[in-house]
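In: Fold the following, please.
(chains A, B and C)
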Amino acid sequence: MRALPRSFYARDTVRVARELLGKIVRHGETSGRIVETEAYLGEGDLAAHSARGVTPRTRVIFGPPGHAYVYLSYGMHCCLNLIAEPEGSAGGVLIRALEPLDGIETMRRRRGMSDVASLASGPGKLTEALGITLRENGADVTRGPIVVCDGGARGVEIGVSARIGITKSADLPLRFFVKGSEFISRR
DNA sequence: AGTTCGATCGCCT
DNA sequence: GGCGATCGAACTG
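Out: Modelled structure (predicted):
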């Protein structure tokens, strides 16, 4: 399966967040279909790490599209974002949940649990299931080791809501999910 | 140099 | 539904 081209990411962040639903994320032998995303915008989005401009941490968010921004949340979970917008403009899509596809036994071992619907139903869970850590920060997802490709999913119904677990800019409808999926983090 | 505060999860009740 | 775990970035003085 071929990686999505960089041009897919070099667009409006909300559009990229919506269209990432149904796409497949692969890391090594493990992969999953994206069923939940959130858009984090540039200027004016106080919930985004990029809200206060370029710093050593947020450098990746302002960099070229099609790269991974991985950060540590609450000192224990890594979260995966895919960078959107042309270089120099901030925008990222937080991957919040995956439907596990390949390497389910590996995911079970990494997660220490067996229920498939819970293996990757949260941003910290899916990075643990796929073995994604801070080492992958800045990786080019059109090349690897993390690769995103077209899953052939068409015409799924998309649900929209406010983003989860944030306090600033909390009311914006920037969370997107596959309606009815049993693999999302919450309904 | 010290402090504060998270784009969370799982376990407990 | 509440809380503790645990680390790095950014802000303060």
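
In: Check what pLDDT the residue nearest the centre of chain A gets.
Out: Chain A has A:Ile95 as the residue nearest its centroid, 2.0 Å off, counting by CA atoms, centre = their mean. On the pLDDT scale, A:Ile95 is placed at 96.

In: Spit out the contact partners of it.
Out: Contacts for A:Ile95 (CB atoms under 8 Å, 6 or more residues apart in numbering) come out as A:Leu20, A:Val25, A:Ile34, A:Glu36, A:Thr37, A:Cys79, A:Leu80, A:Asn81, A:Leu82, A:Pro123, A:Leu126. In this view, the C-beta of every residue, glycine as well, is placed from N, C-alpha and C.

In: How about A:Gly159?
Out: Listed by CB under 8 Å, 6+ apart, the contact set of A:Gly159 reads A:Phe176, A:Phe177, A:Val178, A:Lys179.

In: ditto for A:Val35
Out: For A:Val35, the contacting residues are A:Leu21, A:Ala97, A:Leu98, A:Glu99, A:Phe177, A:Val178, A:Ser181, A:Phe183, A:Ile184, by CB under 8 Å, 6+ apart.

In: which parts of stretch A:56-76 are buried?
Out: Neighbour counts over stretch A:56-76 (16 or more other CB atoms under 10 Å) mark A:58, A:60-71 as buried.

In: Also stretch A:175-187?
Out: Buried residues in stretch A:175-187 (16+ other CB under 10 Å): A:Arg175, A:Phe176, A:Phe177, A:Val178, A:Ser181, A:Phe183, A:Ile184, A:Ser185.

In: Kindly provide the distance from the closest residue to the third one other than its chain neighbours to A:Phe183.
Out: Looking back up the chat, that one is A:Phe177. Spatial nearest neighbour of A:Phe177, chain neighbours left out: A:Glu36 (4.3 Å); criterion: CB to CB, 6 or more residues apart in numbering. A:Glu36 is 8 Å from A:Phe183, where distance means CB to CB, to the nearest Å.

In: cool, and A:Glu99?
Out: Separation of A:Glu99 from A:Phe183 (CB to CB): 4 Å.

In: any residues in contact with both of these two?
Out: With CB under 8 Å, 6+ apart, A:Glu99 and A:Phe183 have common neighbours A:Val35, A:Ala120.

In: Mean confidence (pLDDT) on the longest strand seen in chain A, please.
Out: Taking DSSP state E as the criterion, chain A has its longest strand at strand A:30-40. Regarding strand A:30-40, the rounded mean pLDDT is 95.
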